[in-house]
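# With the input below, show me the fold.
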Amino acid sequence: MTTFFSFKPEAPLVLALTLLAACCVPARAATPLQQVWTGRVVYVVDGDTVHVRPPHGGKPVSVRVHGIDAPEICQNGGGSARDALRRRALGQQVVVHGVSRDDYGRLLAQLVLDGDDLGGAMVEAGQAWSYRYRGRPGPYAAQQRRAQAAGRGLFRTGGEAPVYPAVFRKAHGSCRS
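Next comes the predicted model:
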C-alpha cells in the first residue's frame, strides 16, 4: 500500500503556529511602509514627531514628519514648534503616507490634515526648516524662503539667529541624553 501522507505528532502544532502567524499580524506590520492609512494624532512629541493611533485601534505609531526638521525641544523655538503642531494636529484625523523608517524606528511619513500637508504648513509658519539632505534644500525650500522673507516663527528679525537642529545637536548633544 502506498501512503501519500504520513502523520507526524508535531504536525498539529506546526499547523496551529502557522495559522496563528497568518492571522495575528503585529501592530508594527499593520502600518507598513509606503502605505496610505488614516489615524488620529493622540500625542505631539515635538515640532516634527507625533503619535498616530491607527484606525483599527491598538498602539499608536510614532511618526516623524517627512521633509522637515523642527528645533529640538530644549533649544530656542522647540517649545513653540511643538505647541504649533499640537494646536494644529492633536486629536485630528490625518492621512499618513508612509515613506520609510528612521534610525529610531519611527515611521517617516507625509501627514495630511484636511487636505493640507502638515510638513509644508509647519515650514510655511516658520516653525521648522525644510529638511536638508546632502546639501540639498529639501522638499519645502520654497515655503522656507517665504517664511524667512516674512520673518515668521524661527526667522523673526531682531532676535537670536535660529540654529539648525543638527548643528545644535552637534554642539550640545541630544535633549534626551
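# contacts and neighbour counts: CA atoms only from here.
Will do.
# Does R152 touch M122 like I think?
No - R152 is not in contact with M122 according to CA atoms under 8 Å; the separation is 10.7 Å.
# When the two are compared, which one has more neighbours?
Neighbour tally, R152 and M122, criterion other CA atoms under 10 Å: the higher count belongs to M122, 28 against 17.
# close enough to count as contact, the more buried one and Y131?
No - M122 is beyond contact range of Y131, at 11.7 Å (criterion: CA under 8 Å).
# If we go by neighbour counts, what in stretch 85-95 is buried?
85-86, 89-95 (16 or more other CA atoms under 10 Å).
# Dump these to a markdown table, plus distance to C74.
Listed next are the buried residues of stretch 85-95 as a markdown table, based on distance: CA to CA, whole Å:
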| residue | distance to C74 |
| --- | --- |
| L85 | 16 |
| R86 | 17 |
| A89 | 21 |
| L90 | 21 |
| G91 | 24 |
| Q92 | 26 |
| Q93 | 28 |
| V94 | 27 |
| V95 | 29 |
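# Out of those residues, which sit inside strands?
If you go by DSSP state E, those have 93-95 in strands.
# which among those residues gets closest to Q127?
Of all these, Q127 sits closest to V94, with 19.3 Å by CA to CA.
# any idea where the helices of the chain begin and end?
Per DSSP state H, the chain carries helices over the ranges 11-23, 78-89, 118-124, 141-150, 165-172.
# would you turn the ones you listed into CSV with distance to S62?
Output for the helices of the chain, formatted as CSV (distance: least, CA to CA, whole Å):
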stretch, distance to S62
helix 11-23, 24
helix 78-89, 14
helix 118-124, 15
helix 141-150, 25
helix 165-172, 20
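# quick one, which of these is packed in tightest?
Ranked by mean neighbour count, the helices of the chain are led by helix 118-124 with a mean of 25 (mean count of other CA atoms under 10 Å).
# What helices and strands are in contact with it?
Applying 3 or more CA pairs under 8 Å, 6 or more residues apart in numbering; DSSP states H and E, we find helix 118-124 packed against strand 68-69, helix 78-89, strand 107-113, helix 141-150.
# Tell me who's in contact with the nearest residue to V36 once chain neighbours are set aside.
Once flanking residues are discounted, V36 sits nearest to H97: 4.6 Å by CA to CA, 6 or more residues apart in numbering. In this structure, H97 makes contact with 34-37, 109-111, judged by CA atoms under 8 Å, 6 or more residues apart in numbering.
# Show me the beta-bridge partners of H97.
On the basis of DSSP bridges, H97 is bridged to V36, Q110.
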